[in-house]
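Novice: Here you go, sequence then predicted model.
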Amino acid sequence: MKQKKYTYTILILLFLAGSNLYSQKMKNYGDLEVHTDGQIGLYNSLENDGYFFSNSGLVGFYGETYFDVSGVIKPKLYDLEIANTSNIFLNIPIVVSNNANFIIGDLQTSKVESSNHLDFTPTAFSNGASDFSKVNGFVKADVSDRFMFPIGDADYLRPLSAETTDINSEFTAGYLFEDSTNTYPFSNNQEVANINTNEYWILEGSNKVSITINWNDRSSIESITEDINQLRIVGFEISTSEWKNLGGIGSTGNLASGFLTSSSFIPDEYAAITFGVLPIDEVEQPKLPLNGYHYIISPNGDGINDFFVIEELAEFENNVLHIYDRNGLLVYEAKNYINEFNGETGKSIAAIDRDSGLAQGIYYYIAAVNGGEFVLQGYLYIDR
């Protein structure tokens, strides 16, 4: 019975797509399931008022025409793929239980409130997020260890990485390229001497978490400090209506680009998060965030951090590593990686001269183990 229902539904979908690809709206009022290696491609809007579920297989949003996903019931998908140059707007949440693959175009949500979002289950992850494909809005994730939120605005990927020791902690994150002080005013205090007014993140959740965020040239860090050792992650505390220092491990990078990790805090106690500057007398010597999640390599031949070493991968023979620059360009890939990356591109990467080293700055890595059984991903900073 289930196989017949599945085949019937796919035929209806193909009929709608073939009759008038860009003017029709796909309306699901019944029971639509994707099984095994099934694949569905949507090229126009989806109104989902019925059961839409996949325990395997792929659902893709494709085309060149802007469309939306609406309805009263959120689709629950296994693999999701985004390849639409005009973007897709979510009027309802979409749940992903395995992989969200970003190719081109953004998933967009409201930035006024976070109820509509891309929702990742505890075993899910994203792949390929870049300046050209990401979530321009809110992402929700059930985090049991680590997760990188593939968020940003229309122009840039501005991810937020979360790490928690609490099991099955739900967090929701979004990014805004706006002056936070329009809503959350700043006044100099004993903890924070100045803050970045170019951008801020929103993070919701009731469990303790440590986060990592990065800055780029658009952040204009040089406008608030000339010393990155003064930088800290700061949050607007709801109870006091003041910006507070969220602590951290210290800065990695330079004034043009870098990343910073916070101490543990409870997100629901803070309305906004950005970069701040400590008073000069509060600055301590920085520590490098070499915590098995984010890394720094300095390939200068001194024997210290010359190679990208992921200790966890030594326990598994089957792994695949990809490294991307901030635009989402793949600059290195390796199967069964054994700590050989030293800042140069791999032989199979044709887009960059493999005989010259990669430029100093931030890169993102994703390491899939045992065919995607679990994934490690985070920031990598090349220091030259």
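Specialist: Okay, I see it.

Novice: who touches Phe236 in this structure?
Specialist: 180, 184, 242-244, 270-273 (C-beta atoms under 8 Å, 6 or more residues apart in numbering). C-beta here means a position set from N, CA and C on the backbone, and glycine is covered the same way.

Novice: Low-confidence regions, the stretch 101-250 of the chain specifically.
Specialist: For the stretch 101-250 of the chain, the stretches flagged by pLDDT under 70 are 249-250.

Novice: just checking, Pro75 touches Asp49?
Specialist: No: the criterion here is C-beta atoms under 8 Å, and Pro75 misses it with Asp49 at 11.1 Å.

Novice: Can you check which residues contact both of those two?
Specialist: Common neighbours of Pro75 and Asp49 (C-beta under 8 Å, 6+ apart) do not exist.

Novice: So for those two, which residue has more residues nearby?
Specialist: Pro75 (22 against 13; other C-beta atoms under 10 Å).

Novice: So that one versus Val34, what's the distance?
Specialist: To Val34, Pro75 is 10 Å away according to C-beta to C-beta, to the nearest Å.

Novice: Now for the two: what residues contact both?
Specialist: In contact with both Pro75 and Val34: 53, 59, using C-beta under 8 Å, 6+ apart.

Novice: Pretty sure Thr252 sits in a helix.
Specialist: No: counting by DSSP: H, G, I helix; E, B strand; the rest coil, Thr252 is not part of a helix but strand.

Novice: That one: neighbour count?
Specialist: 25.

Novice: Specify the beta-bridge partners of it.
Specialist: Counting by DSSP bridges, Thr252 is bridged to Phe259.

Novice: How about Tyr51?
Specialist: Beta-bridge partners, per DSSP bridges, of Tyr51: Asp31.

Novice: The stretch 251-384 of the chain: helices as residue ranges?
Specialist: Counting by DSSP state H, counting those that start in this stretch, no segments of the stretch 251-384 of the chain form helices.

Novice: Contact partners for the closest residue to Glu170 other than its chain neighbours?
Specialist: Using C-beta to C-beta, 6 or more residues apart in numbering and skipping residues adjacent in sequence, the residue nearest Glu170 is Asp142, 5.4 Å away. Counting by C-beta under 8 Å, 6+ apart, Asp142 touches 120-122, 168-170.

Novice: Please apply the same query to Thr123.
Specialist: 97-98, 374 are the contacts of Thr123 under C-beta under 8 Å, 6+ apart.

Novice: check which helix or strand covers it.
Specialist: For Thr123, there is no host helix or strand (DSSP states H and E).

Novice: separation between it and Asn98?
Specialist: 7 Å.

Novice: Likewise for Asn339?
Specialist: 28 Å.

Novice: So if I had to pick from the two, which one is more boxed in?
Specialist: Asn98 (20 against 14).

Novice: Show the subsequent helix or strand relative to the strand or helix carrying the more buried one.
Specialist: Element membership of Asn98 [criterion: DSSP H and E] is strand 94-104. Scanning forward in sequence from strand 94-104 by DSSP H and E, the next helix or strand is strand 107-108.

Novice: what sits against the residue nearest to Ser115 when sequence neighbours are not counted?
Specialist: Distances taken as C-beta to C-beta, 6+ apart place Pro93 nearest to Ser115, at 7.5 Å, with adjacent residues excluded. Shown in contact with Pro93 (C-beta under 8 Å, 6+ apart): 74, 115-119, 140.

Novice: Spatially nearest residue to the residue nearest the centre of the chain, not counting backbone neighbours?
Specialist: Taking C-alpha atoms, centre = their mean, the centroid of the chain lies closest to Pro150, which sits 1.9 Å from it. Nearest residue to Pro150 in three dimensions, chain neighbours excluded: Ala129, at 3.5 Å (C-beta to C-beta, 6+ apart).

Novice: sec struct for the residue nearest to Glu170, please.
Specialist: strand.
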